Every structure is written in structure tokens, then in C-alpha cells.
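Colleague: heads up, no residue letters with this:
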């Protein structure tokens, strides 16, 4: 609290920390650190358990003899005996730290201040990078084009990108072609269509001809989902409405100024429009496609090749952060950690509403959807194939596309699986799967067939 | 007489300021009652604009509060994304001074050469005419692409926008040194180097400093926009970050800070101009 703050004003925060629940910033950070150590010790316990499991299985291939042994000497004696023969602690340490020395420990990772970047950001205050021996600076970046340029210029070792961007860059669409890699998805869901309050009685998209919409970037799921949604309602997104690329904070300001009628944007901007009383949430993007990818954790393919150990360590930190963030119990605390000015710079309640899924919809109702945003990290190759069908559908690319090869080269599902299994996380067995978008099943084996099934398309 | 005029002007300035602040205060504070009968759980999730009917525009009291908050700790440093406003201004100022000094080192000697040699003047004129009107920010993508470093790119943009006024003014000042003075120098048979330093430079100095004054003004204008584009540090980044938070009051704080620093820079060079000007 500043010296001149009025303690009788409701808006004044008397506690001095960024989340408002502690008396000082120091106490806030101590609490966060404590939490991070607790997570760390859980993680170590899990890895130790995996190693012990393996040892016991090797010593006693038959469960009967293992039980007999344990009964005879007691569990604690057995564990002590094992520890004498084999340094269990050391093995689990090696597993946790990776196999080789890190080629590089000081890394820059770029992010955009939206809730999709949660795993990249929270791994910093929660100490996930540190535990991998990495000194990571997470750098807030002004926009998607800047993040693309900084990554291509090697100022960032890795960065958050919209899932279609690495595909576009690899294919040389909208930039010079540079091979990119998506070893992990940052988040799924986490977007919404927000409309200006004056449209609250105009909820049927069939009536939306003539409206003006904003999306954050041309190569974004936001753009493809909004176009998909409009086209399903019979509105041609190029002819009947206008869709422009606008930076998210300007979307809220433009909505207030009645310069646009709505937007499909990443959170927390949808919630911010509600919080500021200028718009309402028409629908969450998960209602179109539950589990759609949104942002990706991305690096140049060259980084993975030249510094494989660093790359693996970084990825492990992200995968663990994603696993931690996907646990709903941790969400309020994550919201408090990422809301301050150095990260998202938003009111804590706005971030918390997005992450916990208990939110005001702008129409007077409190909605509850705990999966409003989720942090599963597996980079399904079929995501990439779907995105390429939409790039072709709206004329961003033309001609023959080798869907499966590009998907395999950019979306590194196999790498992700290996690292997830190493970290003791569950990973799916296959690289591709079909899913439904607005009730229509997508078969990744037949992208051209899918593409030609749409009535409204450019190619 | 002059003292009383100054006193009157000062009083009038204060009165105008007070009137503006009062008008601002009443314009934004107009009758916020909030929405009646709001579900308390719902209301807890909404901002003051909805629950209290607060204006989206901050009032002068909010500004004062935020300003004192920033000024009470202007130099804090919490990692790469959160620094005090004083530190941000220092980063911007550092970039401007670096880019400006580089431009000075190039523009003044080159301007001298152009001013002394009609041949060079004609040969370089088309280039200067084409480059001069290019918006400094138009250089930004090219700089990022070729230099491949955002900090250096920002300094390059400052360099490229500061160079033209200094170059043109120096050339103009040198070319327009009075013929009589040059003729006197010729009759005294002093060396051309000595002539440049003892006759031409003092005569052209006021024009050169005027060019510098224009340049630093432009550089300070440009740095804010450049930093908003590349981000990282600096007052431009501060504005972008607070705009991202839709925090208008912090944007106003930044505007005040930018204006104040810009005025100080301008006054410093105005002082320098007085030092090198002499009565004829």
C-alpha cells in the first residue's frame, strides 16, 4: 500500500502482496516457494517409487516370492537392504536430471500475456525450471509477429506460439521457411466468442451478417474456429462479415468504442470484457470443439538438434508445469502467481475466473465449467492436419500439401511421449486420433475428403 | 515589470490547471450508482465499473494516487518484466542518447563535408531527400530482420531518425557562413583545417545545435513507439504493458513522464544553443 492510499476505499488493497492474501510480498513469495518445494518432493517421491518398483520386479519376478520376502523381513528392512545394494537415490536423480550435461543453462523463453501461457510462466515462480538446472528468463512479448521474429532471430531459445504458427513458418507461409518444432501443446480450449452487450438478444449466428469481428492473428485457431462457426451457420466469413486481426487488449477497447461487434479471443480478454462491463461471453470455444489446441510451446528444430539435453530439460519443466496446472486444485494459487504486473498484469479475480472456470458470463449468471481451459500437452499430429485443412480452406495455402509429413515433422508427438513417460506422466499410445468439431467427425487419414465436404470454402 | 508579468503568467497557468483538473474530476465522477439487485456472487466476479458504476476513465485523484505510488519506488527491479518507472525511463533515455550520439558522430562531419563541397552536396542530395521523409518506424522490420537483435534495432531506429535534421542543418549552416568572413580568412592565409575550426564551426554552431534540438525531440518521440513494438524494457514497453492491462491511469502517468523528460531534453539543448550563439 502506498503512503497516500485511502484505507476506507474498497478498491484499496491493504495487504502488500500481489495476490492480496499475504501481508507482504516477501511472505507471498515464501508461501509460493514452500508450495514449489512440496511439489518437488512429490515429484522426487514419484520417480523414486518408479525406480524401486523396477528393482523389486527384477529381484522378485514372481509376486508370491516378493510377498514372502517382505513378510519375512518387513517392508522397511527390505527398503534399507535394497538401498545398500543399489544407490536408489542416485538412479532417480539421474532420471530426474537427464542423461547428459546441459549444453546451455541461461535461456530466454518468450510469452504473450494471456492465460494460455500459464505453464511457461508459472514454471518460473514455482521453480520448475530451476529444478532442471536451467536459468530461464521468461520474457513478455508485444505480439505474435514479434515473437515469431525473436524466435527466428535466436533471441528466444523457445517461445509460446499459436498452434498454427510453427506450421505456417515451417511451410514458409507469412515468413521465410524455417523448420520449427512443437514438442508440447501449451493449452487446450481457453478461448471464447465475446459480443458487445447490445447484441445480447441476437444470439443466433445466422443473424450476424454485417457484423465486425476481431481475432488476434491470421494464423490462429481463433481465426479458424470463428470462420468455422460462422460458415456452419451459413455466413461466409469473407463476404458477409468483416474479420480483422487486432491485438487482444485493443479488442476490449474497440468493443467499448463500438468499433467492433465481437471477437474470438484468448482469455483473459473475454473475461476482462465482462469484468469491465462492455461485453458478454456468447460461447466458449470448447463448445465448438472440446479439447482443441490453442497455444504451443515451440522452438526451432535446430535448437533440439544442437542442444538436445537442454531441450529435454526445458521440455521436462514445461511438461511438469502442464501436469501441475491441469490439476484443478492448483488453479487458484496459479492464478495468484501469474496475475501480477510482471506476468499477465490483470486483476487477480479475472485470471482466477478463467482458470477455475467459475465465471460471470456478463448476462447476470455465474457459469461453472472447470474445463474452460486445460493444460494437456500431447501434440497430436491430427491437430496439425486439421489446421492445414483450414489453412487451405481459407486460401492461406494452395496446391498439394503433404499433410502427414509436415504434421510429423513439426508436431513431435514421439519426443513428447518419451519425455512424458520418463517424467512418470501418462502419455497416449498413438500419434493421431480423430475428433469432432461441431458434431462433425474429422478423419486425419483423409484431409482432402474432409476439406471438400464444406459448402463454404475458398479452395 | 517583467517579474510581475512572470508572476501573473504563473498564476494564470495554475488557474488553468486547477480549472482543467476540476472539470476532469466532475466529468468522470458523474453519478455512479451501480446496478441494483445484482446477485452478490455474480457481483463479486465483476469490476467496479459494473458494481459501482465507476467510470472507465480515471479521475485526477486516481492519477495522483497512482503517481505517488510510482514515485515512492521508481527504481525497483523484479526480473525482466517488472521494473519501476524510473528504471524504464532510464533504459529509454540510454537508448536515445546512444543512438543520438552515434548519429551526431556521423551527421556533423558528413554535414560539414556536404556544406563545404557543392559537388558532394549535389551528389548526396537525392539520397537525403528520399531517406529523410521515411517514418522511423518503417525501418523497424528491416532492422529486426537484418540486425537480428531487438535492442540494437531500437538504437538503429533512433540513429536513423536523428541523423537527418542534424545532417541537413549542419550542411545548411556550413554552406551559409558569411562570405566576408571566409574572405577575411583567405586574406589572412590560414590553413583550411584552422579555417574550419576557427571560422566555419563557430559561425555554423547555432544552426548545428538547432538541428540537434530537432533531432533529440524526434528521437524521444520515436523511442516510445519503437519500444512498444519490440517490448522488453523502456517507457514504451511500460505504456504497452499497462495498455495490455487496460490501465488508463498508468498510461496517463507514462504520458506525463514522457512529456517531462522530453521537455528537459529540449531545454538542455536550448541552453546549449544560447551558449554558442553570439550577438553580431
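Modeller: Alright, I've got the coordinates. Small disclaimer: the values here were computed from a predicted structure and weren't measured.
Colleague: what number of residues lie near the residue of the stretch 51-200 of chain B found nearest chain A?
Modeller: Per Cβ to the nearest Cβ, residue B:82 is where the stretch 51-200 of chain B lies closest to chain A, at 3.3 Å. Placement of C-beta: from N, CA and C, glycine included. As a burial measure, residue B:82 scores 17 neighbours (other Cβ atoms under 10 Å in any protein chain shown).
Colleague: Excluding covalently adjacent residues, which one is nearest to it?
Modeller: Spatial nearest neighbour of residue B:82, excluding adjacent residues (Cβ to Cβ, 6 or more residues apart in numbering or on different chains): residue A:342 at 3.3 Å.
Colleague: circling back to that earlier point, these two touch, right, the residue of the stretch 51-200 of chain B closest to chain A and residue A:340?
Modeller: Yes - counting by Cβ atoms under 8 Å, residue B:82 touches residue A:340, with 7.3 Å between them.
Colleague: The residue of the stretch 51-200 of chain B closest to chain A: what's it in contact with?
Modeller: A:340, A:341, A:342, B:76 (Cβ atoms under 8 Å, 6 or more residues apart in numbering or on different chains).
Colleague: Now residue 135: phi and psi?
Modeller: As the question left the chain open, I've gone with chain A. Note on residue A:135: backbone dihedrals following degrees, to the nearest 10 are phi -110, psi 90.
Colleague: sorry, should have said chain B
Modeller: phi -60, psi 130.
Colleague: State the number of residues packed around it.
Modeller: Around residue B:135 there are 10 residues (other Cβ under 10 Å).
Colleague: Repeat that for residue A:215.
Modeller: Counted with other Cβ under 10 Å, residue A:215 comes out at 24.
Colleague: The host helix or strand of residue A:271 close to chain B?
Modeller: Following DSSP states H and E, the helix or strand that holds residue A:271 is helix A:269-275. Yes - for helix A:269-275, a contact with chain B is found by Cβ under 8 Å from any Cβ of the partner chain, at A:272, A:274, A:275.
Colleague: picking that back up, same list (the contacts of residue B:82) but as a markdown table, adding secondary structure.
Modeller: A markdown table is the format used below for these (DSSP: H, G, I helix; E, B strand; the rest coil):
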| residue | secondary structure |
| --- | --- |
| A:340 | coil |
| A:341 | coil |
| A:342 | coil |
| B:76 | coil |
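Colleague: Give me the ChimeraX select line for those residues, limited to the buried ones.
Modeller: The ChimeraX selection below is limited to those of these classed as buried (16 or more other Cβ atoms under 10 Å in any protein chain shown):
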select /A:340,341,342
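Colleague: which of the contacts of residue B:82 lies closest to residue A:147?
Modeller: Nearest to residue A:147, judged by Cβ to Cβ, of the contacts of residue B:82 is residue A:342 at 17.5 Å.
Colleague: tell me which helix or strand of chain A sits lowest on mean pLDDT?
Modeller: Using mean pLDDT, DSSP states H and E, helix A:88-97 stands out as the lowest-scoring helix or strand of chain A, at a mean of 42.
Colleague: Next SSE downstream of that one?
Modeller: According to DSSP H and E, the helix or strand after helix A:88-97 is strand A:106-111.
Colleague: Could you give the average pLDDT over that next one?
Modeller: Here strand A:106-111 scores 89 as its mean pLDDT.
Colleague: can you check stretch A:218-234 too?
Modeller: 90.
Colleague: helices or strands next to the lengthiest strand in chain A in the packing?
Modeller: Longest strand in chain A by number of residues (criterion: DSSP state E): strand A:180-189. Other helices and strands packing on strand A:180-189, by 3 or more Cβ pairs under 8 Å, 6 or more residues apart in numbering or on different chains; DSSP states H and E, are helix A:118-122, helix A:164-171, strand A:293-300, helix A:301-306, helix A:308-326, strand A:373-374, helix A:403-410, helix A:413-422.
Colleague: Who does the following helix or strand past that strand pair with, and is each partner parallel or antiparallel?
Modeller: Later in the chain than strand A:180-189, the nearest helix or strand by DSSP H and E is strand A:191-196. Partner strands and pairing direction for strand A:191-196 (DSSP bridges) are strand A:262-266 (antiparallel), strand A:279-284 (antiparallel).
Colleague: Looking at the ones you listed, which is nearest to residue A:145?
Modeller: strand A:262-266 (15.7 Å).
Colleague: buried stuff in that closest one?
Modeller: Quick answer for strand A:262-266 (16+ other Cβ under 10 Å): A:262, A:263, A:264, A:265, A:266.
Colleague: Reformat those as JSON lines; add pLDDT and distance to residue B:186.
Modeller: As requested, the buried residues of strand A:262-266 are exported to JSON lines (pLDDT from 0 to 100; distance: Cβ to Cβ, whole Å):
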{"residue": "A:262", "pLDDT": "91", "distance to residue B:186": "76"}
{"residue": "A:263", "pLDDT": "92", "distance to residue B:186": "72"}
{"residue": "A:264", "pLDDT": "92", "distance to residue B:186": "75"}
{"residue": "A:265", "pLDDT": "90", "distance to residue B:186": "72"}
{"residue": "A:266", "pLDDT": "90", "distance to residue B:186": "72"}
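Colleague: Now do the helix or strand harbouring residue B:223, average pLDDT.
Modeller: Secondary structure from DSSP H and E places residue B:223 in helix B:201-230. Average pLDDT, helix B:201-230: 88.
Colleague: is it anywhere near chain A?
Modeller: Yes - Helix B:201-230 reaches chain A (Cβ under 8 Å from any Cβ) through B:228, B:229, B:230.
Colleague: need those residues in a markdown table with neighbour count, can you?
Modeller: As requested, the residues of helix B:201-230 next to chain A are exported to a markdown table (neighbours: other Cβ atoms under 10 Å in any protein chain shown):
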| residue | neighbour count |
| --- | --- |
| B:228 | 20 |
| B:229 | 21 |
| B:230 | 27 |
